[in-house]
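S.K.: Sequence and predicted model, in that order:
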Amino acid sequence: MSQIRRVAIIGGNRIPFARSNGAYAKASNSQMLTAALEGLVQRFNLAGERVGEVVAGAVLKHSRDFNLTRECVLSSSLAPETPAYDIQQACGTGLEAAILVANKIALGQIDCGIAGGVDTTSDAPIGVNEKLRQILLEANRGKTTGDKVKALLKIRPSHLAPSIPQNGEPRTGLSMGEHCELMAKTWQIPRAEQDALALASHQNMAKAYADGFHADLMTPFMGLERDNNLRADITAEKLAGLKPCFDRSASGTLTPGNSTPLTDGASMVLLASEEWAKARKLPVLAYLTFGEAAAVDFVKKGEGLLMAPAYAMPRMLERAGLTLQDFDFYEIHEAFAAQVLCTLKAWEDPAYCKDKLGLKKPLGSIDRSKLNVRGSSLAAGHPFAATGGRILASLAKQLAEKGKGRGLISICAAGGQGVVAIVERD
Ligand SMILES: CC(=O)CC(=O)SCCNC(=O)CCNC(=O)[C@H](O)C(C)(C)COP(=O)(O)OP(=O)(O)OC[C@H]1O[C@@H](n2cnc3c(N)ncnc32)[C@H](O)[C@@H]1OP(=O)(O)O
């Protein structure tokens, strides 16, 4: 029988995140993920090594990238004998990839692995119109030139309109922002609270850069050395002056300042058994000890689309024998400031915790001074699948700097899903 082993986080590497249609407008997912992977390989001297496996993914993926991660491994200096595969769990992808790799390490199936993700909305996979696709398939099936020409003659100018991926939920037709605006109304989250969270995210991340926190978490890419969404000159007044962008009426509260921007970027994290790390004299930053995913019924039961982490958390805490207050750091992905605030309010709410989460008492509140202390997605930007790796590496480093402690990760994802995890150092 296999034995459960502790899973060490050795370190992470990402490329700086860039607002879409900017610095990385000409970069593909493949180039960005390879850059994040190669930076990690160089940092930890893995060139030529066969790693247990590499798991990553992208939310928006071209069909030509059918196994993007494997292609990136082949483009990197890892041994070509390293197995690799893609996964996709929307914005939970990067963290879910790490949990998958960690589980294999824990079970002794592999000794080390790399997990991460990438996304670009600059190089989004624009598809052909469905009618044109059917005609092209018919032409392809044609046995004679006549058959092919006959099919192609059916093409009309209207068939040339492309199929562009939407940042929306297929079952509701609403965008992520529109869903979050509904949540903000349900939970009555004031605009000022959302803006204050956004301000803190930028200020915390600016301080992290000033402290040199990112120096060993990032490698420059295409001339960019730091996340270009970060605004050093941000003020409460500027944030307060922005117009709502998802509900443009007077009751709208989500703005471009308290929502993540569309972003391009990639991240990777190295995980290993303690023995593997020791044999290579690689220090352990922290341990990935628990992970949990949840999903909500936002279609029939009308639950908030981005509320699944609220459900995942008590399940994981119960398994871990911990309370929500037992943590030194809280890393709650800021898809939108309102998503973070709705989740925190839900955990404090006795009726929600009893009726929806099935708890005897609410999870309670957290010490806000421990929340996203090195900044989060509102400042860094949010290249969907790359966010999990950014957060995991950042939290492991925060724990290593503290010397001892425990951190909590919460990431909401499209499709009504959420992924949470616990990282510890003793
Ligand atoms: C997907 C999952 O699985 C789960 C999730 O995480 S859900 C989250 C997924 N992510 C999203 O849905 C992305 C949402 N974001 C968007 O769609 C767009 O960025 C947006 C609609 C919010 C804004 O788009 P936009 O209007 O093009 O923004 P942008 O032009 O950059 O900003 C508008 C203005 O606000 C300003 N602004 C933006 N952020 C600011 C800030 N932090 N401080 C001050 N000003 C700011 C800009 O400078 C700009 O001002 P000007 O017009 O004077 O130039």
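M.R.: Received the coordinates, thanks. Residues are numbered from 1 along each chain as shown.
S.K.: partners of Ala84 in the sheet?
M.R.: Val54 (DSSP bridges).
S.K.: From Leu371, how far off is the closest residue to the ligand within the stretch 101-250 of the chain?
M.R.: Residue of the stretch 101-250 of the chain nearest the ligand, by CB to the nearest ligand atom: Met176 (3.6 Å). Heads up, the C-betas are built off the backbone N, CA and C, glycines and all. Separation of Met176 from Leu371 (CB to CB, to the nearest Å) stands at 21 Å.
S.K.: pLDDT below threshold where in this protein?
M.R.: 1-3 (pLDDT under 70).
S.K.: Could you list the residues of it in contact with the ligand?
M.R.: Within reach of the ligand by CB under 6 Å from any ligand atom, the chain has these residues: 90-91, 167, 176-177, 198, 231, 234, 238-239, 242, 245, 256-257, 259-262, 335, 382, 384, 412-414.
S.K.: Show me just the buried residues among those.
M.R.: 90-91, 176-177, 198, 231, 234, 239, 242, 245, 257, 259-262, 335, 382, 384, 412-414 (16 or more other CB atoms under 10 Å).
S.K.: The strand or helix carrying Asp147 - contacts with which helices or strands?
M.R.: According to DSSP states H and E, Asp147 maps onto helix 145-152. For helix 145-152, the packing partners by 3 or more CB pairs under 8 Å, 6 or more residues apart in numbering; DSSP states H and E come out as helix 130-141.
S.K.: helices or strands next to the helix it packs on in the packing?
M.R.: Packing partners of helix 130-141 (3+ CB pairs under 8 Å, 6+ apart): helix 145-152.
S.K.: Not counting the helix it packs on itself, show me its contacts.
M.R.: Applying CB atoms under 8 Å, 6 or more residues apart in numbering, the external contacts of helix 145-152 come out as Ile135, Leu136, Glu138, Ala139, Asn140, Arg141, Gly142.
S.K.: Quick one: neighbours of the fourth one, just the number.
M.R.: Around Ala139 sit 17 other residues, with neighbours defined as other CB atoms under 10 Å.
S.K.: ok, which stretches of the stretch 251-400 of the chain are helices?
M.R.: 274-279, 308-320, 337-348, 350-355, 377-380, 387-402 (DSSP state H, counting those that start in this stretch).
S.K.: swap in the stretch 1-150 of the chain?
M.R.: 29-43, 68-75, 93-106, 130-141, 145-152.
S.K.: Determine which stretch of the ones you listed is the most buried.
M.R.: helix 93-106 (a mean of 26; mean count of other CB atoms under 10 Å).
S.K.: Dump that helix to PDB, keeping only the CA atoms.
M.R.: Extracted in PDB, the C-alpha atoms of helix 93-106 (Å, rounded to 0.1, in the frame of the first residue of the first chain):
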ATOM      1  CA  THR A  93      -7.300  25.600 -13.100                       C
ATOM      2  CA  GLY A  94      -3.900  26.500 -11.600                       C
ATOM      3  CA  LEU A  95      -4.800  25.500  -8.100                       C
ATOM      4  CA  GLU A  96      -6.600  22.400  -9.100                       C
ATOM      5  CA  ALA A  97      -3.500  21.400 -11.200                       C
ATOM      6  CA  ALA A  98      -1.400  21.800  -8.000                       C
ATOM      7  CA  ILE A  99      -3.800  19.700  -6.000                       C
ATOM      8  CA  LEU A 100      -3.600  16.900  -8.700                       C
ATOM      9  CA  VAL A 101       0.200  16.900  -8.700                       C
ATOM     10  CA  ALA A 102       0.200  17.000  -4.900                       C
ATOM     11  CA  ASN A 103      -2.100  14.000  -4.600                       C
ATOM     12  CA  LYS A 104       0.200  12.000  -6.800                       C
ATOM     13  CA  ILE A 105       3.300  13.000  -4.800                       C
ATOM     14  CA  ALA A 106       1.400  12.200  -1.500                       C
END
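S.K.: and that helix, what does it pack onto?
M.R.: Using 3+ CB pairs under 8 Å, 6+ apart: helix 93-106 touches strand 7-14, strand 53-56, strand 112-119, strand 263-273, strand 286-295, helix 387-402, strand 405-413, strand 417-425.
S.K.: Quick check: buried residues in whichever helix or strand comes after the helix holding Asp147?
M.R.: Following helix 145-152 in sequence order, the next helix or strand is helix 176-186 (DSSP H and E). Of the residues in helix 176-186, Met176, Gly177, Glu178, His179, Cys180, Glu181, Leu182, Met183, Ala184 count as buried by neighbour count, 16+ other CB under 10 Å.
S.K.: can you tell me how far the first one sits from Leu100?
M.R.: Summarising the geometry, the distance separating Met176 from Leu100, computed by CB to CB, is 24 Å.
S.K.: Tell me who's in contact with the closest residue to Asn167 other than its chain neighbours.
M.R.: Computed as CB to CB, 6 or more residues apart in numbering, the closest residue to Asn167 that is not its neighbour in sequence is Ser175, at 5.6 Å. Each residue near Ser175 by CB under 8 Å, 6+ apart is listed here: Gln166, Asn167, Gly168, Glu169, Phe246.
S.K.: Buried by neighbour count, from those: which ones?
M.R.: Looks like the contacts of Ser175 have Glu169, Phe246 buried, using 16+ other CB under 10 Å.
S.K.: Now for the contacts of Ser175: which two are most distant?
M.R.: For these, the farthest-apart pair by CB to CB is Gln166 and Phe246; their separation is 13.7 Å.
S.K.: tally of neighbours for Asp195?
M.R.: By other CB under 10 Å, the residues close to Asp195 number 23.
S.K.: Also Ala200?
M.R.: 21.
S.K.: which stretch of helix or strand covers it?
M.R.: Short version, using DSSP H and E: Ala200 is in helix 191-210.
S.K.: Buried residues, that helix. List them.
M.R.: 191, 193-202, 204-206, 208-209.
S.K.: Show me what that helix is packed against.
M.R.: helix 236-241, helix 337-348, helix 377-380.
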